[in-house]
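Enquirer: Fold the following, please.
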Amino acid sequence: MTSGMDAFESFITENAQADTSRLILSRKDWPSPSDPGLASIPGRELAVGTIEARKKLRRKVPQWYSCTSLVFPSALSAEQCSSSDTAFYKAALVRETVGAGARVADLTGGLGVDSWAFSKDASMVLYNDSSAWLAASAVHNFKALGVFNVAVSSVEISSGTLEAVAGPFRPDLIYLDPGRRDSSGRKVFLLEDCSPDVSGLLPALFRITRYVLLKLSPMIDLSLAVSRLDAAAEVPSMGEDGPWNVSRVREIHVVASGGECKEVLVLLDREWEGEYKVVCREDSRTVVFSSGEISRARPTLVGSTYAKVLFEPGKSLSKAGTFNVLCERFSLSKLARSTHLYTLPEALTESETEQACGRLQGLGKVFRVLEVLPLDRKGLKEVSRRWPVCEVSARNISLSSDELRSRLKVSPGGEVHVFGVRIEMPHGAGNYLIVCTKA
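Expert: Numbering: from 1, shown residues only. As a prediction, the model looks like this:
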């Protein structure tokens with residue numbers, strides 16, 4: 001046994017890359033941690049969960065992976081937890097909203113990564129999870145990580161338990177990441193299908209704290225979520241007209257990295273009544289819009305098929321529905337109302353084009369256009385002959401990307417990317433092939 005490790009930790013490190021299915025079949029006895037607080041968790045479940053969770057955390061939360069004394073009773077919780085990057089993003093958002101030294105209640109604690117990140121700036125954090133196993137593991141893990149300003153509880157959050165759990169703690173902000181699986185284990189994303197149903201709890205949450213931060217499914221319809229949360233924030237009128245609806249949504253943050261939408265965060269403020277802010281974070285770049293700016297924007301459509309540059313927005317911009325406002329913010333022209341690809345005005349000089357491309361870098365993919373061809377038999381044949389190896393994407397046409405690739409008879413790979421798109425112009429619309437390379 002390695003010096004300083006108990007039998008359980010040594011077993012985990014020795015079997016870090018093991019096939020746990022084979023381990024289960026080959027072993028009858030399983031080591032248990034020396035921490036008596038973990039005695040309620042069966043050794044097999046804890047060992048298997050820890051080995052599988054650590055495989056997921058190696059890149060997701062490397063700070064935790066490097067601490068071999070941490071335990072995880074559920075691999076699923078590691079799959080669902082925040083990465084260290086997104087956890088610290090949320091912690092920074094809390095700091096900007098409430099200030100350093102806040103009291104933060106994380107009422108759906110899960111693995112505890114978010115509570116750990118909050119603890120860096122907060123004076124005190126309340127971690128709560130309905131799973132007694134996760135809560136017991138959290139107590140052990142926070143101690144192993146040297147975190148001593150997190151209190152741990154294990155209660156199922158509901159309208160009947162909320163005040164008892166969070167009320168005495170007096171949080172400045174409550175954070176909730178509702179469970180997004182139903183009783184059959186299937187993924188759900190509507191607010192009312194998640195557990196707990198935050199929209200039903202919102203009035204009670206606002207009686208406890210001014211600020212509520214929600215983590216929602218990346219699949220959620222943002223406009224529908226805002227509508228549901230607005231309806232949940234109804235407050236009694238002082239007049240005779242009954243309740244009136246007030247929007248308490250203050251900010252929406254869409255966080256993307258590596259070409260994938262990672263998190264959708266909604267910050268609610270009990271005292272907020274104005275337009276909300278939409279923050280799009282694409283890898284290391286951030287762009288901010290107002291909800292009114294997005295809703296009022298109208299697209300600027302292209303005047304011809306001429307194009308030097310093609311811009312494909314990143315996942316955060318797409319998820320936030322910024323399709324039209326991008327034309328105004330970055331002086332772009334859209335290929336068609338429902339073709340969410342953009343180009344630059346024809347009159348730009350080469351120097352101006354370079355500057356415009358620089359403003360777009362990091363917000364999506366920027367391509368240099370080699371050629372624009374009609375999407376017909378002749379155009380398909382021309383692309384197949386000149387670019388037999390290329391990537392292919394279909395946008396707003398009747399073909400899927402795979403179907404277009406099959407029609408082109410090309411192999412995937414190489415530096416060239418071919419888009420099959422619909423372009424709407426003043427004199428008419430049509431389908432075209434845009435041949436590009438990355439700028």
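
Enquirer: Beyond the lowest-mean-pLDDT helix or strand in the chain, next helix or strand please.
Expert: Ranked by mean pLDDT, DSSP states H and E, the weakest helix or strand in the chain is helix 222-232, scoring a mean of 89. Later in the chain than helix 222-232, the nearest helix or strand by DSSP states H and E is strand 249-257.

Enquirer: gap between that following strand and the chain center?
Expert: The chain centroid and the centroid of strand 249-257 are separated by 8 Å under Cα atoms, centre = their mean, to the nearest Å.

Enquirer: can you check stretch 297-312 too?
Expert: 28 Å.

Enquirer: And for stretch 332-347?
Expert: 27 Å.

Enquirer: How about stretch 327-337?
Expert: With Cα atoms, centre = their mean, you get 25 Å for stretch 327-337.

Enquirer: can you list contacts of it?
Expert: Contacting residues not belonging to stretch 327-337 are listed as 287, 289, 293, 297-303, 311, 323-324, 326, 340-345, 356, 359-360, 395-396, 421-424, 429 [Cβ atoms under 8 Å, 6 or more residues apart in numbering]. All C-beta spots, glycine's among them, are computed from the backbone N, C-alpha and C.

Enquirer: residue ranges of the strands in the stretch 51-200 of the chain, please?
Expert: Applying DSSP state E, counting those that start in this stretch to the stretch 51-200 of the chain gives strands spanning 103-106, 124-128, 150-153, 173-176.

Enquirer: Mean pLDDT and mean neighbour count added to these, as a markdown table?
Expert: Below are these laid out as a markdown table (pLDDT from 0 to 100; neighbours: other Cβ atoms under 10 Å):
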| stretch | mean pLDDT | mean neighbour count |
| --- | --- | --- |
| strand 103-106 | 98 | 28 |
| strand 124-128 | 98 | 25 |
| strand 150-153 | 98 | 19 |
| strand 173-176 | 98 | 24 |
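
Enquirer: Same list (those) but as a markdown table, adding distance to L433.
Expert: Formatted as a markdown table, the strands of the stretch 51-200 of the chain follow (distance: least, Cβ to Cβ, whole Å):
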| stretch | distance to L433 |
| --- | --- |
| strand 103-106 | 50 |
| strand 124-128 | 54 |
| strand 150-153 | 56 |
| strand 173-176 | 47 |
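
Enquirer: Can you check which of those strands gets nearest to A39?
Expert: Of all the strands of the stretch 51-200 of the chain, strand 150-153 sits nearest to A39, with 16.1 Å by Cβ to Cβ.

Enquirer: Now that closest one - C-alpha only, CSV.
Expert: Output of strand 150-153 as CSV, limited to C-alpha atoms (Å, rounded to 0.1, in the frame of the first residue of the first chain):
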residue,chain,number,x,y,z
VAL,A,150,-19.3,24.3,3.2
ALA,A,151,-22.1,23.0,5.4
VAL,A,152,-23.8,19.8,4.1
SER,A,153,-27.4,18.6,4.4
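
Enquirer: Quickly run through the sheet partners of it, with directions.
Expert: Strand 150-153 sits in its sheet next to strand 124-128 (parallel), going by DSSP bridges.

Enquirer: mind checking how far the strand it pairs with is from the chain centre?
Expert: 23 Å.

Enquirer: Mind checking which of the contacts of stretch 327-337 are buried?
Expert: 287, 289, 293, 297, 299-302, 311, 323-324, 326, 340-344, 356, 360, 395-396, 421-424 (16 or more other Cβ atoms under 10 Å).

Enquirer: Report the beta-bridge partner residues of the most centrally placed residue in the chain.
Expert: The geometric centre of the chain, computed from its C-alpha atoms, lies nearest to E263 (Cα atoms, centre = their mean), at 1.5 Å. E263 has these beta-bridge partners by DSSP bridges: V255.

Enquirer: what about it, distance to Y211?
Expert: 18 Å (Cβ to Cβ, to the nearest Å).

Enquirer: Also S411?
Expert: S411 is 53 Å from Y211, by Cβ to Cβ.

Enquirer: The two: which is more packed in?
Expert: Y211 (24 against 10; other Cβ atoms under 10 Å).

Enquirer: Show me where the chain dips below the pLDDT cut-off.
Expert: Applying pLDDT under 70 to the chain picks out residues 1-4, 183-185, 189, 234-246.

Enquirer: Mind doing that once more with 50?
Expert: Along the chain, the model assigns pLDDT under 50 to residues 1-3, 236-240, 242-244.

Enquirer: Surely E271 forms part of a helix?
Expert: No. Per DSSP: H, G, I helix; E, B strand; the rest coil, E271 lies outside any helix segment and is coil.

Enquirer: Give me the phi and psi for it.
Expert: Dihedral pair for E271: phi -100, psi 10, per degrees, to the nearest 10.

Enquirer: Report the buried residues of stretch 48-59.
Expert: For stretch 48-59, burial by neighbour count (16+ other Cβ under 10 Å) applies to 48-57.

Enquirer: and what of stretch 136-146?
Expert: 136-142, 144-145.

Enquirer: Those residues in helices, which ones?
Expert: 136-142, 144 (DSSP state H).

Enquirer: ok, of these, which one's closest to L229?
Expert: Looking across those and measuring by Cβ to Cβ, the closest to L229 is A138, at 28.3 Å.

Enquirer: so what's the nearest residue to that closest one once chain neighbours are set aside up against?
Expert: Distances taken as Cβ to Cβ, 6 or more residues apart in numbering put G112 closest to A138, at 4.5 Å, once the chain neighbours are dropped. For G112, the contact set (Cβ under 8 Å, 6+ apart) comprises 127, 134, 137-138, 141-142, 150.

Enquirer: of all the ones in helices among the buried residues of stretch 136-146, which comes closest to S10?
Expert: Looking across those and measuring by Cβ to Cβ, the closest to S10 is A144, at 15.2 Å.

Enquirer: quick one: contacts for that closest one?
Expert: So A144 contacts 67, 69-70 (Cβ under 8 Å, 6+ apart).

Enquirer: Of the residues you listed, which is the most crowded?
Expert: Going by other Cβ under 10 Å, L70 tops the contacts of A144 with 23 neighbours.

Enquirer: How much space separates that one from T13?
Expert: 12 Å.

Enquirer: Y89 contacts V255, correct?
Expert: Yes. Y89 lies in contact with V255 (Cβ atoms under 8 Å); the separation is 5.9 Å.

Enquirer: Name the helix or strand for C261, please.
Expert: Going by DSSP H and E, C261 is in strand 260-269.
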